[in-house]
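S.K.: coordinates only, sequence not included:
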């Protein structure tokens with residue numbers, strides 16, 4: 001069996017993307033608290049939903065990135 005090696009640069013990039021998704025989910029939570037005049041402790045009590053939204057954003061970005069990669073592969077192959 002061959003070993004699969006993932007470079008540290010790629011791991012760091014994915015972690016930064018995941019962190020960005022989490023920060024975006026927290027900001028969405030804060031905006032919802034402001035819009036609906038909720039209590040501020042919901043930032044901590046709704047952390048499960050925030051993590052779920054962050055994972056959903058990450059998966060959505062992953063799908064978009066895979067589509068872009070596939071399009072690049074298709075169009076770069078057709079030019080050669």
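M.R.: On my side now, so go ahead. Computed from a prediction, not measured in an experiment: that's the story for all the values here. Residues are numbered from 1 along each chain as shown.
S.K.: could you give me the buried positions within the longest helix along the chain?
M.R.: Across the chain, the longest stretch assigned as helix under DSSP state H is helix 47-79. For helix 47-79, a neighbour-count test (16 or more other C-beta atoms under 10 Å) marks 50, 53, 54, 57, 58 as buried. Quick note: C-beta positions are derived from backbone N, CA and C, even for glycine.
S.K.: Throw these into TSV and include distance to residue 35 and pLDDT, thanks.
M.R.: As requested, the buried residues of helix 47-79 are exported to TSV (distance: C-beta to C-beta, whole Å; pLDDT from 0 to 100):
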residue	distance to residue 35	pLDDT
50	16	96
53	16	97
54	20	98
57	19	98
58	24	98
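S.K.: nearest spatial neighbour of the most centrally placed residue in the chain, chain-adjacent residues omitted?
M.R.: For the chain, the residue nearest the mean C-alpha position is residue 58 (2.4 Å; C-alpha atoms, centre = their mean). Excluding the flanking residues, the one nearest residue 58 by C-beta to C-beta, 6 or more residues apart in numbering is residue 21, at 4.5 Å.
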